[in-house]
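S.K.: sequence and predicted model, in that order:
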Amino acid sequence: MKKLVEFFKSSEKGAMNLVGILMMGIGMVFLSVGFIMFPIVTTATDALLAYTNAVNVTIVAACFTGFTAVTGITPLLVLIGYVAAAIFSMYLGVKIAKGAAGSTQLDLGTLLLLGLSMIFIAIALIILPVSIDGISTVWHGGGEGINVAYVGLEPVLILCPLLILISFVSAAVLSGFFGFKRVASSQI
């Protein structure tokens, strides 16, 4: 036992870098949050795909251009994004802990960008059902449809749910990307 303790003492290289440990911890958080969010996202997207307007039952989720395809792939994109973020965070953490990453600065803004990506997904799943209901109400127009004075409004309304979903997913991806880019550029 004494030789084992001496072996570990002889292999010590210096102080432990807390930023490396923090990055590995962030990776574990991303992984766990990804698997926590996955069933929530799946349930929310199931509800979006099953949407039917309460007043006019002919307005369903499939009426909106491209909405069902993007909604259907959203849970997979979210899960892949969280797993990729976890892997990248853990990789940077190991790289920092080994001392191969150069300077080790991590600021609050970077952590906020990483966390903001999670918030965008949650906001999208809260806002989208409300948006679809509002769009359907305008589209239905009290049973008379869209007023003929509003030329070109129907194609825009049909496309809006897709644009809303894509904008929130894109915002999540971009904020996560720039958060990791800031981490990576400050480490090299």
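M.R.: Perfect, thanks for sending it.
S.K.: quick one, helices of this structure?
M.R.: For the chain, the helices defined by DSSP state H occupy 2-10, 18-49, 67-98, 108-140, 153-187.
S.K.: of all the ones you listed, which one is nearest T58?
M.R.: Closest of these to T58 is helix 108-140, at 9.0 Å (criterion: C-beta to C-beta). Using the backbone N, CA and C atoms, a C-beta is placed for each residue, glycine as well.
S.K.: which secondary structure elements does that closest one sit against?
M.R.: Where contact means 3 or more C-beta pairs under 8 Å, 6 or more residues apart in numbering; DSSP states H and E, helix 108-140 is packed against helix 18-49, helix 67-98, helix 153-187.
S.K.: that one relative to helix 18-49, how many degrees between them?
M.R.: If you take axes from the mean of the first three to the mean of the last three C-alpha atoms, to 10 degrees, helix 108-140 sits at 10 degrees to helix 18-49.
S.K.: go through helix 108-140 and flag the buried ones.
M.R.: Neighbour-count burial for helix 108-140 flags 110, 113-118, 120-121, 124-125, 128, 131-132, 135-136, 138-140 (criterion: 16 or more other C-beta atoms under 10 Å).
S.K.: for stretch 50-59, same thing?
M.R.: For stretch 50-59, by 16+ other C-beta under 10 Å, it's Y51, N53, N56, I59.
S.K.: ends of it, what's the gap?
M.R.: From its first residue to its last, stretch 50-59 covers 11 Å (C-alpha to C-alpha, to the nearest Å).
S.K.: that one: how far from the chain's middle?
M.R.: Its chain's C-alpha centre and that of stretch 50-59 lie 28 Å apart, by C-alpha atoms, centre = their mean, to the nearest Å.
S.K.: report the mean confidence score over that stretch.
M.R.: Computed over stretch 50-59, the mean pLDDT rounds to 86.
S.K.: who's in contact with that stretch?
M.R.: Identification of contacts with stretch 50-59 by C-beta atoms under 8 Å, 6 or more residues apart in numbering yields V60, A61, P129, I132, D133, S136, T137, W139, H140, G143.
S.K.: and what of stretch 135-151?
M.R.: Contacts for stretch 135-151 (C-beta under 8 Å, 6+ apart): N53, V55, N56, I59, F64, L153, E154, L157, I158, C160, P161.
S.K.: if we use 10 Å, what do you get?
M.R.: With contact meaning C-beta atoms under 10 Å, 6 or more residues apart in numbering, stretch 135-151 is reached by 51-56, 58-61, 63-64, 152-154, 156-161, 164.
S.K.: low-scoring stretches of this structure, by residue?
M.R.: Scanning the chain for pLDDT under 70 picks out 1, 4-17, 100-108, 111, 183-188.
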